[in-house]
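# the following block contains a protein sequence and its predicted model.
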Amino acid sequence: MSGAIPKIQILSLYKLLLRESQKFPNYNFRAYALRRIRDAFKDNKNVSDVKIVKKEFEFGKENLNVIRRQAAIGNMYKTEKLVIENLR
Amino acid sequence: MFRLTKNVISVVCKSAIKQKTQLNGNGVVIFEQSNFFSDSANDKFSLKHEEVGRPLYFDAQATTPMDPRVLDVMLPYLVSYHGNPHSRTHAYGWESEAAVEKAREQVANLINAEPKEIIFTSGATESNNISVKGVGRFYAPRKKHVITTQIEHKCVLDSCRALEGEGFRITYLPVQQNGIINLKDLEDAITPETSLVSIMTVNNEIGVRQPIEAIGAICKSKKVFFHTDAAQAVGKVPLDVNTMNIDLMSISGHKVYGPKGVGALYIRRRPRVRVEPIQSGGGQERGMRSGTVPTPLVVGLGAACELAGREMAYDHLWMEKLSKRFLEKINSKLTHVIRNGDAEQTYPGCVNLSFAFVEGESLLMALKDVALSSGSACTSASLEPSYVLRAIGTDEDLAHSSIRFGLGRFTTIEEVDYTAEKTIRHVERLREMSPLWEMVQEGIDIKTIQWSQH
């Protein structure tokens, strides 16, 4: 079908979202973003409706831009690391 | 210092001082450390060797960090679109107005209200003031009685105090041991004189959730307005102003991962609830709250509400998982830990624990790498035990040893584990120093002791 999004594109969006989320300097935001992205893709793994897949794909792309912008802002106003980050 | 368990051999072996040492030959010599002055004792009592870095945030009831997705929506209104939403003569005003109206819809959707029923305020404190004083004063010529509970937030109690000064009669409903009000008490307290019942949805200190639906039904049947302070509940538990028969509801921005300095008030239009405005001015927000609506903040509140609606189920599962894990860890290692407030009728993100035989402030000081509070932020400067804990009948000593652990959307499992381990370590350390704890270990019931000073 013409409207369907190739699997490889979805996979690359997933990887991109995770990679960009790693750039959050804030421990809590970073951990949340990674967890939320993984869970969202897991939850929608079996979605086959082309329309919903497309909608979720667009939603993911929008969020990718949010993450990029917010990680950049976060990096401008970094704080000291949390105790829990210094343990490792 | 050393106890020799087998053959006595003169202490010549230097390395034997610190560790158990085995010597081949005549026999086995084991030097055991005595507990006194040893490293293990130092480990137990020392406050040194604490890790460095910013503390972990465990005070989600005081305020929550702003979600990056919220900031992302707000930024254009801080950077580019600066118009006054009330300017009707130019595009700057129109674009701001459109943004404010969109936010109004987002807030309304979260609680199943009409956008017209939402007015924006500076926060839940202002919303509570408008509700309690506003409704009270408007209906004062005919009705001069307001009902609230003993565990409300300070701003509701203080507004009631102010009404009392104006000649109102206020009923402060007591709560049961679990923090929930008795519906029979409420029914009995309502008189034909009563204009308003104000009961909070989720308590900020002990996290208990009142039976809002049942309270709403009672108020509707008695034709009394029902206001609920839902600052701690909005976006965390499902709320529906229509099925729950809520007439007024206070909402806070910074408790739903939104910006500080903004809140909302839901005021029912059918049947109409009328309030006397507190602030005089340009008549914005249908005359109930004059003053220019802060577009960026309101946009942030709207975005936070929409986000909360979308993430509610996901966040709630996470809260349950974290609080269960935290409580299991604490309870597996510590005894004499009391959870304040009902364990079932509660919001899982607020865990208020009393550690018997430990002084709360000492524990807070020891847990300096975790940001915690013994109760609400408003009263955290005083050493007085919280009035909420007193209202649920907590003993004075236990009220002094309470700590509120506030979990949020951004709390991680690692943070929960770290906090639990630290708490266990310091509670054990402080109890080890306590003579009362020693007596309890020896089987003495503290309650039976006749203290001479009493």
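That came through, no problem.

# hey, let's count contacts and neighbours off CA atoms from now on
Noted.

# what packs against the helix or strand harbouring B:Thr228?
Using DSSP states H and E, B:Thr228 sits in strand B:225-229. Contacts defined by 3 or more CA pairs under 8 Å, 6 or more residues apart in numbering or on different chains; DSSP states H and E place strand B:225-229 against strand B:194-198, helix B:212-221, strand B:248-252.

# now the second one: buried residues?
Think helix B:212-221. Within helix B:212-221, the residues scored as buried using 16 or more other CA atoms under 10 Å in any protein chain shown are B:Ile212, B:Glu213, B:Ile215, B:Gly216, B:Ala217, B:Ile218, B:Cys219, B:Lys220.

# rewinding a little: please convert the helices and strands packed on strand B:225-229 to CSV, extending it with mean pLDDT and distance to A:Tyr32.
Converted to CSV, the helices and strands packed on strand B:225-229 look like this (pLDDT from 0 to 100; distance: least, CA to CA, whole Å):
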stretch, mean pLDDT, distance to A:Tyr32
strand B:194-198, 97, 36
helix B:212-221, 97, 31
strand B:248-252, 98, 23
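
# where in chain A is pLDDT low?
Counting by pLDDT under 70, chain A shows low-confidence ranges at A:1-3, A:88.

# circling back: so in that sheet, which strands flank the strand holding B:Thr228, and in what orientation?
When pairing is defined by DSSP bridges, strand B:225-229 lines up against strand B:194-198 (parallel), strand B:248-252 (parallel).

# what's the most buried one of those strands?
Highest mean neighbour count among the strands paired with strand B:225-229 (mean count of other CA atoms under 10 Å in any protein chain shown): strand B:248-252, with a mean of 30.

# how about the helices and strands packed on strand B:225-229, which one is nearest B:Leu334?
helix B:212-221 (34.4 Å; CA to CA).

# I'd like to know which elements that closest one is packed against.
Contacts defined by 3+ CA pairs under 8 Å, 6+ apart place helix B:212-221 against helix B:183-189, strand B:225-229.

# dump the last one to CSV, keeping only the CA atoms.
In other words, strand B:225-229. The C-alpha coordinates for strand B:225-229 follow below in CSV (Å, rounded to 0.1, in the frame of the first residue of the first chain):
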residue,chain,number,x,y,z
PHE,B,225,-22.1,24.0,46.4
PHE,B,226,-19.2,21.6,46.5
HIS,B,227,-15.6,22.9,46.1
THR,B,228,-12.6,20.6,45.9
ASP,B,229,-9.0,21.6,46.0
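
# avg pLDDT for it?
For strand B:225-229, mean pLDDT rounds to 98.

# name the residues that touch that strand?
B:124, B:128, B:131-132, B:195-201, B:216, B:219, B:245-251, B:273 (CA atoms under 8 Å, 6 or more residues apart in numbering or on different chains).

# kindly report the residues of chain A close to chain B.
Selection of chain A residues close to chain B by CA under 8 Å from any CA of the partner chain yields A:28-29, A:31-32, A:66-67, A:69-70, A:80-84, A:86-87.

# please redo it, this time with the cut-off set to 10 Å
A:27-33, A:35-36, A:39-40, A:63, A:65-67, A:69-71, A:73-74, A:79-87 (CA under 10 Å from any CA of the partner chain).

# can you say which of those residues are buried?
So, by 16+ other CA under 10 Å, the buried ones in the residues of chain A next to chain B are A:27-33, A:36, A:66-67, A:69-71, A:74, A:81-84.

# of those, which belong to helices?
Mapping these onto helices (DSSP state H) picks out A:27-33, A:36, A:66-67, A:69-71, A:74, A:83-84.

# what's the closest of those to chain B?
A:Val83 (4.3 Å; CA to the nearest CA).

# need the residue closest to the centroid of chain A.
A:Leu17 (3.4 Å; CA atoms, centre = their mean).

# could you dump the helices and strands packed on strand B:225-229 to TSV with distance to A:Lys55?
Below are these laid out as TSV (distance: least, CA to CA, whole Å):
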stretch	distance to A:Lys55
strand B:194-198	42
helix B:212-221	36
strand B:248-252	31
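
# quick one, which of these gets closest to B:Thr295.
Between the helices and strands packed on strand B:225-229, strand B:248-252 lies closest to B:Thr295; by CA to CA that is 15.7 Å.

# could you identify the helix or strand that succeeds that closest one?
strand B:263-267.

# can you name the residues of chain B sitting close to chain A?
Going by CA under 10 Å from any CA, the residues of chain B near chain A are B:50-57, B:65-73, B:311, B:314-315, B:369-370, B:409-415, B:418-419.

# report how many residues lie close to A:Lys54.
Neighbour count of A:Lys54, defined by other CA atoms under 10 Å in any protein chain shown: 15.

# please work out which of the helices and strands packed on helix B:212-221 is packed deepest.
Taking mean count of other CA under 10 Å, strand B:225-229 is the most buried of the helices and strands packed on helix B:212-221, at a mean of 25.

# figure out how far that strand is from the centre of its chain.
19 Å (CA atoms, centre = their mean, to the nearest Å).

# cool, stretch A:44-60 as well?
15 Å.

# could you list the buried residues of that stretch?
A:Val53, A:Glu56, A:Phe57, A:Gly60.

# out of those, which sit inside helices?
Per DSSP H, the buried residues of stretch A:44-60 map to helices at A:Val53, A:Glu56, A:Phe57, A:Gly60.

# list the contacts of stretch B:277-292.
For stretch B:277-292, the external contacting residues (CA atoms under 10 Å, 6 or more residues apart in numbering or on different chains) are B:84-86, B:116-122, B:126-127, B:129-131, B:133-135, B:137-138, B:265, B:267, B:274-276, B:293.

# may I see the buried residues of it?
Applying 16+ other CA under 10 Å to stretch B:277-292 flags B:Pro277, B:Gln284, B:Glu285, B:Gly287, B:Met288, B:Arg289, B:Ser290, B:Gly291 as buried.

# so for it, mean pLDDT?
93.

# element containing B:Phe120, please.
strand B:118-121.

# these two touch, right, B:Val135 and B:Cys160?
No: if you go by CA atoms under 10 Å, B:Val135 and B:Cys160 don't touch, sitting 11.4 Å apart.

# which neighbours do those two have in common?
In contact with both B:Val135 and B:Cys160: B:Asn129, B:Val146, using CA under 10 Å, 6+ apart.

# show me which of those two is the more surrounded one.
Each of B:Val135 and B:Cys160 has its neighbours counted (other CA under 10 Å); B:Cys160 has more, 25 against 22.

# next helix or strand past whichever helix or strand that one is part of?
For B:Cys160, the host element (DSSP H and E) is helix B:154-165. Past helix B:154-165, further along toward the C-terminus, the next helix or strand under DSSP H and E is strand B:169-173.

# contacting residues around that following strand?
B:143-152, B:157, B:160-161, B:163-164, B:181-183, B:185-186, B:189-190, B:193-194, B:196-199, B:391.

# angle of it against helix B:154-165?
150 degrees (axes from the mean of the first three to the mean of the last three CA atoms, to 10 degrees).

# distance from strand B:169-173 to the middle of the chain?
24 Å.

# taking the mean pLDDT, what do you get for that strand?
97.

# which helices and strands does the helix or strand that contains B:Val146 pack with?
Taking DSSP H and E as the definition, one finds B:Val146 inside strand B:145-149. Counting contacts by 3 or more CA pairs under 10 Å, 6 or more residues apart in numbering or on different chains; DSSP states H and E, strand B:145-149 packs against helix B:135-138, helix B:154-165, strand B:169-173, helix B:183-189, strand B:194-198, strand B:225-229.
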